[in-house]
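K.L.:
Predicted model and sequence follow; I will ask about them next.
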Amino acid sequence: MNALHPSTLRDHLRRAERRGRRGMNLIEIMIVIAIIVVLISVLSVAAFQAYEGFKVTQTRLKINQLGQIIMQESMLVGTKPPSNLKEIEGVKEDMLVDGWGRPFEYVVPGPNNLPFEIVSYGRDGTQGGTGRDADIKYSEIR
């Protein structure tokens, strides 16, 4: 008589059970894919918002830097500010556009007895607005 020993039978059943559970079923795969899609959506929205915030910061820095250059040149040479931003020596073209790729608005003389004003109209490119659409002005950030 060729009988299986109880421990051998148990081992055989465990191996058979493990063989049946090696992969994932369709429901588990769909759940994993759904979780991945939700995570990618959340992360992409957060990345987009961070990038828009970066554009505002970049624009503020450029305006401030341009304003400082104009003020220094005016004080050193003792002249009034240039009538056009392109007249500033040593400034590259990419410094003359805001974070959204639009040229800065430059006004001489500026408001409130200021010698000049540099303005970006924000994300929407139109005057006024709030949040990331708000105007960014040299007179307000200096």
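P.N.:
That came through fine.
K.L.:
Can you measure across stretch 82-93, start residue to end residue?
P.N.:
Length of stretch 82-93, first residue to last, C-alpha to C-alpha, to the nearest Å: 16 Å.
K.L.:
Now it: buried residues?
P.N.:
Of the residues in stretch 82-93, those with enough neighbours to count as buried (16 or more other C-beta atoms under 10 Å) are 82, 85, 88, 91. C-beta: built from backbone N, CA, C; applies to glycine.
K.L.:
would you turn these into a markdown table with distance to Ile63 and pLDDT?
P.N.:
Listed next are the buried residues of stretch 82-93 as a markdown table, based on distance: C-beta to C-beta, whole Å; pLDDT from 0 to 100:
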| residue | distance to Ile63 | pLDDT |
| --- | --- | --- |
| Pro82 | 15 | 87 |
| Leu85 | 11 | 89 |
| Ile88 | 13 | 84 |
| Val91 | 13 | 87 |
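K.L.:
For Arg15, state which of the residues you listed is nearest.
P.N.:
Val91 (75.0 Å; C-beta to C-beta).
K.L.:
Distance of the closest one relative to Phe104?
P.N.:
In this structure, Val91 lies at 11 Å from Phe104, with C-beta to C-beta, to the nearest Å as the measure.
K.L.:
who touches both of these two?
P.N.:
Common neighbours of Val91 and Phe104, counting by C-beta atoms under 8 Å, 6 or more residues apart in numbering, are 66, 85.
K.L.:
among the helices and strands of the protein, which has the poorest mean pLDDT?
P.N.:
When each helix and strand of the chain is scored by mean pLDDT, DSSP states H and E, helix 6-20 comes last, with a mean of 71.
K.L.:
Remind me what the next helix or strand after it packs against, helices and strands.
P.N.:
Sequence-wise, the next helix or strand downstream of helix 6-20 (DSSP states H and E) is helix 26-77. Using 3 or more C-beta pairs under 8 Å, 6 or more residues apart in numbering; DSSP states H and E as the contact test, the elements touching helix 26-77 are strand 117-120, strand 136-137, helix 138-141.
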